[in-house]
Each structure stands twice: as structure tokens, then as C-alpha cells.
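> Provide a 3D model corresponding to the input given below.
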Amino acid sequence: MDLIPVLSALVIIGGMFLITRRHRLERARNAPLRDEIDAHVRLATTLDLVSKLGTGGFGGTRGYWIGLRGPKRLVVGADSFVISAPQALREYVFSGRDTLISFSQLPYRRADCDWIVISGQAGGRDVQLAITRKEGLLEIWQALACAGSRPC
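Numbering: from 1, shown residues only. Presented below is the predicted three-dimensional model:
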């Protein structure tokens, strides 16, 4: 019996298990803040594009904006907000008072457009996300500011 296919399958299954476990732990850690957001929703909207600034690791992603796949959603509560991309198994929960927001024009594969760049702590890590949508960003900017995010 050849051991390489068996070990490869075990590595793949183990990797999927670790990713799923990390996602569940992250959701459990964010549950109180998510509940508060759901109780006091100021704005709930879909986002056209969300990109995360790479910090290094596999593929040398440091300094590159990495697009999140699938449908993306922003829900803003009284003093916090969540950006989720369920298909990518990603959820970023921010406390408004601990985040900075700014307007930017980041080049993207499809077109240059206006973005809101969000910098802050999500899940205990420093995160920078850029969000945009076709319908405009003023409503999102105002909701994030009302949640306590500071312009920089």
C-alpha cells in the first residue's frame, strides 16, 4: 500500500478541520458583539467588493489587497459593526470606537473606484479592510461614524 495518497488525504482533511474549527471559535468569540449589533441595527447592506490588506504568509501577500469571494454584507449596530463573507468563511467584527475610517481610491482589477478603508482590531488581530458598493458610500460612512469610527 502506498503511504503518500493516504497521508495527503489526512493532511487535506486535517486542514479542513482546522479551518472549520477556527471559524467556529471566531464566531463564538464574536457572539456577544454580534448579538448587540443585531439588537440595534442602524444599517444592513450588501457590499459589492471587500478586500483585505495582506500581511504576509503564504504567497507573499504583504502589502497586496486580497479580494474576498462570494456575497458580502455589512451590518452596523449602535457602537460596532460586522463585515461578513460567509462563502469565504470570514467574519470581521469591529468595535466602532477602536476603528479608523478613510476614503481612498484603490486600484482594483475591474476599475478604480471609491472605497472606505477600515483599520482596527477584529478577532484580536490588526485588520485593514477596503469596502465599496455601486450605490455610493455616504450612507455607509455616516453609519460607521455614528457607530464611533473615527475618520483619519
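
> How about the residue nearest the centre of the chain: what's its closest non-neighbour residue?
Among the residues of the chain, the one closest to the centroid is Y92, at 4.2 Å (C-alpha atoms, centre = their mean). Spatially, and ignoring its direct neighbours in sequence, Y92 is nearest to A122 (4.1 Å; C-beta to C-beta, 6 or more residues apart in numbering). Backbone N, C-alpha and C define where each C-beta goes, glycine included.

> what's the next secondary structure element after the helix or strand hosting R24?
Per DSSP states H and E, R24 falls inside helix 3-39. Tracing the chain past helix 3-39, the next element assigned as helix or strand by DSSP H and E is strand 43-47.

> For that next one, enumerate the helices and strands it packs against.
Contacts defined by 3 or more C-beta pairs under 8 Å, 6 or more residues apart in numbering; DSSP states H and E place strand 43-47 against strand 72-76, helix 138-146.

> Give me the angle between the longest strand along the chain and helix 138-146.
Using DSSP state E, we find that the single longest strand of the chain is strand 113-122. Inter-element angle recorded for strand 113-122 and helix 138-146: 20 degrees (by axes from the mean of the first three to the mean of the last three C-alpha atoms, to 10 degrees).
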